[in-house]
Every structure is written in structure tokens, then in C-alpha cells.
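I would like to see how this sequence folds:
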Amino acid sequence: MIATLLQREGLLSMEELGGKLGIYGVISAETSREEGLILAAWSGMLSSMAGDLPKFHKH
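You can find the predicted model right below:
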């Protein structure tokens, strides 16, 4: 839901947020494997959904 709102307001695309979560997941996995896996799963879900949503442009 947060990703959709950020994209709708033109602040951050869902695809970009997914990519950033993926990077954060890799870094987090160095100290906590479980946290890294959770972030990787969220990243994958956001990246997968990114293509399904219409692009919102802030006027």
C-alpha cells in the first residue's frame, strides 16, 4: 500500500522501491539472514507488481 501511494504521488516508483529494498536486503543479510530473506521477498513482490500498475503522473 505504501509503495502504491508513493508511486501515485510521483515520489518513488514501485519498481525503484523494490530495487532499493533488494539492495537493503543484501546488506541486511550480512548480519541477519532472516531479515535479508524477508526484504528480498518484499523486493520481489514489489518488482513483480510494478509492471501491473498504471503509471501515475503528478500534475
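
which other helices and strands contact the helix or strand of the chain with the lowest mean pLDDT?
Every helix and strand of the chain was ranked by mean pLDDT, DSSP states H and E. The lowest is helix 2-8, at a mean of 85. Helices and strands touching helix 2-8, as assessed by 3 or more C-beta pairs under 8 Å, 6 or more residues apart in numbering; DSSP states H and E, comprise helix 14-29. (C-beta placed from N, C-alpha, C; glycine too.)

Residues touching the helix it packs on, excluding its own?
Residues from elsewhere that reach helix 14-29 (C-beta atoms under 8 Å, 6 or more residues apart in numbering): 3-4, 6-7, 35-40, 42-47, 49-51, 53.

from those, which would you call buried?
The neighbour count (16 or more other C-beta atoms under 10 Å) marks 3, 6-7, 36, 39-40, 42-43, 46-47, 50 as buried among those.

Please identify which pair of these lies farthest apart.
Greatest spacing in the buried ones among the contacts of helix 14-29, by C-beta to C-beta: Q7 and G36 (24.5 Å).
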